[in-house]
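# Need coordinates for the below:
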Amino acid sequence: MSPLMFSTLLLALGLGSTVTFSSSHWLLAWMGLEINSLAMVPLMARPHFPRAVEAATKYFLAQATAAAMILFAGMTNAWMTGQWTIEMMTHPLPLTLVTLALGLKIGLAPVHAWLPEVLQGVDLTTGLILSTWQKLAPLALLLQLPHGNSPLLIILALSSTLIGGWAGLNQTQLRKILAYSSIAHLGWMMVILQYAPSLTLLALLTYIVMTSSIFLLFKLNNTTNINALATSHTKIPVLTLFAPFILLSLGGLPPLTGFMPKWLILHELTMQGMGTLATITALTALLSLYFYLRLSYSMSLTMSPNNLLTSPLWRLRPHQPTLPLAISATSATMLLPLTPAAFLVR
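Numbers count the residues shown, from 1 in each chain. Here you go, the predicted model:
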């Protein structure tokens, strides 16, 4: 792909998200989502592997289905209430349809099956865009919807945290593990969406920082499965020592950054009188924590077999820029002291 075409597609990604962010009309929001999705498909098929083309096709079909549901829900709401405004979607039928459609857009369970397969078929850079930037526009629409006290969001949130943790236990491919990690984190965002939207934004921001650091780490290490993590110490010894802290931050352990949104979400659910929901959500986090610990063990506590038949890995200077990884990794592990500032913002 030429640099001009690549830059055009990246600009189209930004344009589609910006149109959705700034729109209050369902047609404009739908148009922004479509620009975003259509710009993403050529980026996914860029390596020209059969697996990448398959992933791009699956992504296109899932996003086209979700877009059709969003357009149908907007038309149904306009027919029933006479309103095309996003905030005025008050009828239960179109509200349920558009919530499920936006859940399909971002990969919420139980409409999540496309996300692990698609993420497995693309490279790590495209997977980073798919796991972070592509979730911003649908989440912006979900934040604008008048949910009220919707049991649908609770069902989607609990199923996402359960499936995201449970299905990731038996995976050996790193991109699939990160896909199920994304599903589990989306469940945490959805469980608090109707009670404290500011905490959803905080959880989204910390998720983007932590996911960016782990994707950039795997890209610098050039690993795509758990077995290849054993060679990390030979390639990047200093970063290998720092990697478990990033993984444990994704799991939400104190005193790392990932503990901040989980702590505030559980506190808010308890204050809202949802103690049972908070307990179940906290227990599902243990499932995700298992495979983060598994990755940490494979990366830091195991060594690759070295014998005369294996070629040694030389510690060459990396050709990739490491400043984004340094900034995101530091942010993913050391931002917990900013928690009082998050209370002030709320």
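# For stretch 161-177, buried residues please.
161-168, 171, 174-177 (16 or more other C-beta atoms under 10 Å). (Glycine included, C-beta is placed from N, CA and C.)
# I'd like the mean pLDDT over that stretch, please.
Taken as a whole, stretch 161-177 has a mean pLDDT of 90.
# Let the chain start at 23 from now.
Got it, the first residue is 23 from now on, which makes the last one we talked about stretch 183-199.
# Quick one: end-to-end length of that stretch, please.
14 Å (C-alpha to C-alpha, to the nearest Å).
# That stretch: how far from the chain's middle?
In terms of C-alpha atoms, centre = their mean, to the nearest Å, the centre of stretch 183-199 is set 13 Å apart from its chain centre.
# can I assume residue 45 is in contact with residue 39?
No - applying C-beta atoms under 8 Å, one finds residue 45 not in contact with residue 39, separated by 10.9 Å.
# what touches both of the two?
residue 54 (C-beta atoms under 8 Å, 6 or more residues apart in numbering).
# Could you list which residues are in contact with the closest residue to residue 155 other than its chain neighbours?
In space, and not counting its chain neighbours, residue 155 is closest to residue 35: 6.6 Å by C-beta to C-beta, 6 or more residues apart in numbering. Residue 35 makes contacts with 58, 61-62, 65, 151, 155, as judged by C-beta under 8 Å, 6+ apart.
# Please narrow those to those residing in helices.
Assigned to helices by DSSP state H, the following of the contacts of residue 35 qualify: 58, 61-62, 65, 151.
# Stretch 267-283: end-to-end distance?
Separation of the first and last residues of stretch 267-283 by C-alpha to C-alpha is 17 Å.
# can you list contacts of it?
203, 210, 221, 224-225, 228-229, 231-233, 235-236, 239, 284-285, 307, 310-311, 314-315, 317-318, 321, 351, 353-358, 360-361, 364.
# Which ones among those lie within helices?
Of those, the ones assigned to helices by DSSP H are 203, 210, 221, 224-225, 228-229, 231-233, 235-236, 239, 284-285, 307, 310-311, 314-315, 317-318, 321, 351, 353-356, 361, 364.
# which among those end up buried?
Using 16+ other C-beta under 10 Å, the buried ones in these are 203, 210, 221, 224-225, 228-229, 231-233, 235-236, 239, 284, 307, 310-311, 314, 317-318, 321, 351, 353-355, 364.
# Quick one: end-to-end length of stretch 269-289, please.
In stretch 269-289, first residue to last residue: 23 Å (C-alpha to C-alpha).
# Counting by contacts, list what the lengthiest helix in the chain packs against.
Counting residues, the longest helix found in the chain (DSSP H) is helix 72-103. Helix 72-103 sits against helix 48-66, helix 114-128, helix 136-143, with contacts defined as 3 or more C-beta pairs under 8 Å, 6 or more residues apart in numbering; DSSP states H and E.
# All set now, cheers.
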